[in-house]
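K.L.:
predicted model, plus sequence, below.
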Amino acid sequence: MAIKTDAVGKSWPSTTYQVGREKIKEYATVMGIGNPVHHDVDAAREAGFRDVVAPPMFAVVYAMPSLGPAMFDPEVGIDFARLVHGAQTFEWSEPACSGDEITTTATCISIEEKLGNGFYVFDTTSVNGDGAEVVRGTWTNIVRGA
């Protein structure tokens, strides 16, 4: 299995997502999250948030779109027929609230072969309109060997 490593260190154009109250409420409802800070403006503000606050894993909604161009880049060379999800981790900072415009940038941090499989690791950094980091994600994709 020949693995390309040319894209290590490469970043792709950022994506931007406007966080909305209804999207937060829909996400929380679908996920069965009943905490009122995700549904009610007054409850969120009483708890010290600027507005309705997104549940932590809502990060996937605004961060994942930045990975598309990275993963489909020919310089990365992912064989999608053999791709499986490896792992993802997040480090949260400033909470994402309704009204925030979140900008996310994806960077390839490593591509390597282990036991005949390709490991493609990407970092995403998401910041709000004030430039405060909201979340940093690490996304590991595995391409199974032949």
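P.N.:
Perfect, I can see it now.

K.L.:
so which strand or helix has residue 16?
P.N.:
Using DSSP states H and E, residue 16 falls within strand 15-18.

K.L.:
got it, and residue 103?
P.N.:
Secondary-structure assignment from DSSP H and E places residue 103 in strand 101-114.

K.L.:
nearest residue to the middle of the protein?
P.N.:
Closest residue to the average C-alpha location of the chain: residue 63 at 3.0 Å, with C-alpha atoms, centre = their mean.

K.L.:
tabulate the CA atom coordinates of the strand or helix carrying that one in PDB.
P.N.:
Mapping residue 63 onto the secondary structure by DSSP H and E places it in helix 59-63. The C-alpha atoms that make up helix 59-63 are tabulated as PDB, following Å, rounded to 0.1, in the frame of the first residue of the first chain:
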ATOM      1  CA  ALA A  59     -19.400  20.700  17.200                       C
ATOM      2  CA  VAL A  60     -19.800  18.000  14.600                       C
ATOM      3  CA  VAL A  61     -22.400  20.200  12.800                       C
ATOM      4  CA  TYR A  62     -20.100  23.200  12.300                       C
ATOM      5  CA  ALA A  63     -16.700  21.500  12.200                       C
END
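
K.L.:
tell me how far the helix or strand just after it lies from the chain's centre.
P.N.:
Heading C-terminal from helix 59-63, the first helix or strand you meet, by DSSP H and E, is helix 67-72. The gap between the average C-alpha position of helix 67-72 and the chain average comes to 12 Å, counting by C-alpha atoms, centre = their mean, to the nearest Å.

K.L.:
tell me the buried residues in helix 67-72?
P.N.:
By neighbour count on 16 or more other C-beta atoms under 10 Å, the buried set for helix 67-72 is 67, 70-71. Bear in mind the C-beta positions are built from the backbone N, C-alpha and C, glycine included.

K.L.:
give me the mean pLDDT for it.
P.N.:
Throughout helix 67-72, pLDDT has a mean value of 95.

K.L.:
try stretch 45-54
P.N.:
The average of the pLDDT scores along stretch 45-54 is 97.

K.L.:
residues in contact with it?
P.N.:
Counting by C-beta atoms under 8 Å, 6 or more residues apart in numbering, the neighbours of stretch 45-54 from elsewhere in the structure are 19, 21, 24-25, 27, 37-41, 44, 61, 95-99.
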